[in-house]
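>>> Take a look and give me a structure for this.
(one chain, ligands or ions: 2)
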Amino acid sequence: MKHLTILGSTGSIGTQTLEVVRAYREEFCITALAAGSNVSLMEEQIREFHPKKAVMWTKEAARELKERVKDLSIEIGVGMEGLLEISTMPETDVVLTAIVGMIGIRPTIAAIESKKTIALANKETLVTAGHIIMPLAKKAGVSILPVDSEHSAIFQSMNGEKKEQVSKILLTASGGPFRGKTREELSGMTVEDALRHPNWSMGKKITIDSSTLVNKGLEVMEAKWLFDVGLDRIQVVVHPQSIIHSMVEYADGAIIAQLGTPDMKLPIQYALFYPDRLPMEGERVDFYALSQITFEKPDEDTFRGLKLAYRAAAAGGSMPTVYNAANEKAVALFLDRKIGFLQIPEIIEMSMEHHKVIEAPDVEQILAAEAETYDYIMQRMEL
Ligand code: NAD
Ligand code: MG
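Numbers count the residues shown, from 1 in each chain. Ligands and ions are numbered 1, 2, ... in the order given. As a prediction, this is how the structure comes out:
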């Protein structure tokens, strides 16, 4: 039996993880759950999965949850303290990180230090603190199993292969809802347009990130850390049908790929049962019905988010944090209808140009760079 803590249980990845758990009820014990503010869904999850502890980010949400579940013997925690506590519980084996944003850094580090296996969806953590997390996991002898579909595909395509013989990672991208559009067309795109992803149903922030190609940029950095490959060996390939989830090219020219219908439950289940493959219901790829699968080069001049990610990754140190923090702030402003779509990459670029790189930043310095980036944007945008 696997003892699982889920950080971000009420979100897109969190709820799909619980669907996998529901299908294999006898294989799992849910030790703890954490969420931001969705008290009613958390209550339902507690009543169904009986965790020992549950954490809400805000005090009000924690108070309300406590009141709602007072008939149960469950501990309710709050904030970062609560997240750290449930990431290090002695009874937990696996911590699945499905929070959005850099809030995941400290709980992930704490979980690794407590020798938990990490099933990682929260890519922002690796993008900003990969230089701390990867060596720490190695030292602790802890596995970091990717949940992100592309990284799971790469991981599956490397199974049994020698890492030194990898020549290239081919990271596929759907291109998002605005593929093929010009800058002029993009300038008028609304929040609703950007939230209409052609293939995947995901949380709001990552859906916007897919429409700007920032998500792919973050995934390039995530791949660099997870698989220890140079940026020059990570190539993004646009593949609008999202059937090939990513590929790995080897020294002899062979390319190994993982294919499947777009369903996050597969990478989630693979991470939870690795190295086993267990039955999973769902649609299968029908090669007779699939008339074609196509590929293109990403349009990095129109979707500057990707180019800026390579630039941030090449600068290294604290620059990926600034890239990520500026994007988080810009996406929040876009969702609030305070800025236009094309201002998202502009804000990222402006923030990166303003920043002086700190080499190998520690967690405090990463969080300080995040806060400084937020302040700088608010001040520049006069908000
Ligand atoms: P989401 O917005 O649907 O869910 C986020 C979850 O985190 C919610 O449960 C929310 O309550 C919780 N949360 C937010 N802030 C919190 C805080 N401060 N403390 C505690 N809990 C908090 O997001 P998502 O789409 O599930 O994405 C989660 C992560 O997984 C992101 O890093 C995203 O990039 C990554 N990811 C998502 C998908 C996908 O298909 N959704 C695919 C690959 C990677
Ligand atoms: Mg992905």
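
>>> Once you drop chain neighbours, what's closest to whatever residue of the stretch 251-383 of the chain ends up closest to ligand 1?
Residue nearest to ligand 1 within the stretch 251-383 of the chain (Cβ to the nearest ligand atom): residue 264, separated by 4.5 Å. Placement of C-beta: from N, CA and C, glycine included. Leaving aside its sequence neighbours, residue 264 sits nearest to residue 16 (Cβ to Cβ, 6 or more residues apart in numbering; 5.2 Å).

>>> Kindly report the same for residue 358.
Of all residues not flanking residue 358 in the chain, residue 318 sits nearest, at 4.3 Å (Cβ to Cβ, 6+ apart).

>>> For ligand 1, give me its nearest residue in the stretch 201-350 of the chain.
When scored by Cβ to the nearest ligand atom, the stretch 201-350 of the chain has residue 203 as its residue closest to ligand 1, at 2.5 Å.

>>> Okay, buried residues for stretch 23-41 please.
By neighbour count with 16 or more other Cβ atoms under 10 Å, stretch 23-41 contains the buried residues 28, 29, 30, 31, 32, 33, 34, 35, 36, 38, 39.

>>> Now distance to residue 86, secondary structure and pLDDT too, for these, in CSV please.
Putting these into CSV (distance: Cβ to Cβ, whole Å; DSSP: H, G, I helix; E, B strand; the rest coil; pLDDT from 0 to 100) gives the following:
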residue, distance to residue 86, secondary structure, pLDDT
28, 16, strand, 98
29, 14, strand, 98
30, 11, strand, 98
31, 7, strand, 98
32, 4, strand, 98
33, 8, strand, 99
34, 6, strand, 98
35, 11, strand, 98
36, 14, coil, 97
38, 17, coil, 97
39, 17, helix, 98
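
>>> and which of these is nearest to residue 292?
Within the buried residues of stretch 23-41, the smallest distance to residue 292 is 39.4 Å, found for residue 28 (Cβ to Cβ).

>>> how about that closest one, what does it touch?
The neighbourhood of residue 28, defined by Cβ atoms under 8 Å, 6 or more residues apart in numbering, consists of 1, 2, 3, 4, 21, 272.

>>> OK, contacts around the last one?
When the contact criterion is Cβ under 8 Å, 6+ apart, the partners of residue 272 are 2, 4, 17, 20, 28, 94, 96, 119.

>>> Go again with 7 Å.
2, 20, 94, 119 (Cβ atoms under 7 Å, 6 or more residues apart in numbering).

>>> Compare these and tell me which is most surrounded.
residue 119 (26 neighbours; other Cβ atoms under 10 Å).

>>> Settle this for me: that one is touching residue 269, isn't it.
No - contact criterion Cβ atoms under 7 Å: residue 119 and residue 269 do not qualify, at 10.3 Å.

>>> Now do the strands in the stretch 101-250 of the chain.
Using DSSP state E, counting those that start in this stretch, the strands of the stretch 101-250 of the chain run over residues 117-120, 144-146, 166-173, 234-238, 244-250.

>>> could you say what helices and strands the fourth one packs with?
What it means is strand 234-238. strand 166-173, helix 214-227 (3 or more Cβ pairs under 7 Å, 6 or more residues apart in numbering; DSSP states H and E).

>>> what do you get for the last one?
With contacts taken as 3+ Cβ pairs under 7 Å, 6+ apart, strand 244-250 sits against helix 149-157, strand 166-173, strand 255-259.

>>> Run the angle between the last one and helix 149-157 for me.
Going back to what we said before, that points to strand 255-259. Taking axes from the mean of the first three to the mean of the last three Cα atoms, to 10 degrees, strand 255-259 and helix 149-157 form an angle of 130 degrees between their directions.

>>> for the second one, same thing?
Using the same axes, to 10 degrees, the inter-axis angle of strand 166-173 relative to helix 149-157 is 150 degrees.

>>> I'd like to check the angle between strand 166-173 and helix 214-227, please.
150 degrees.

>>> what distance separates strand 166-173 from the centre of its chain?
Distance of strand 166-173 from the chain centroid (Cα atoms, centre = their mean, to the nearest Å) equals 18 Å.

>>> Pairing partners for that strand, with directions?
Note on strand 166-173: by DSSP bridges, its sheet partners are strand 234-238 (parallel), strand 244-250 (antiparallel).

>>> I'd like the distance from the first one to the chain centre, please.
Meaning strand 234-238. Offset of strand 234-238 from its chain centre (Cα atoms, centre = their mean): 18 Å.

>>> How about the longest one?
From the chain centre to the centre of strand 244-250 is a distance of 19 Å (Cα atoms, centre = their mean).

>>> what comes into contact with it?
149-150, 153-154, 157-158, 161, 165-172, 255-260, 293.

>>> picking that back up, make JSON lines out of the strands paired with strand 166-173 and add distance to residue 11 and mean pLDDT.
As requested, the strands paired with strand 166-173 are exported to JSON lines (distance: least, Cβ to Cβ, whole Å; pLDDT from 0 to 100):
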{"stretch": "strand 234-238", "distance to residue 11": "25", "mean pLDDT": "98"}
{"stretch": "strand 244-250", "distance to residue 11": "20", "mean pLDDT": "98"}
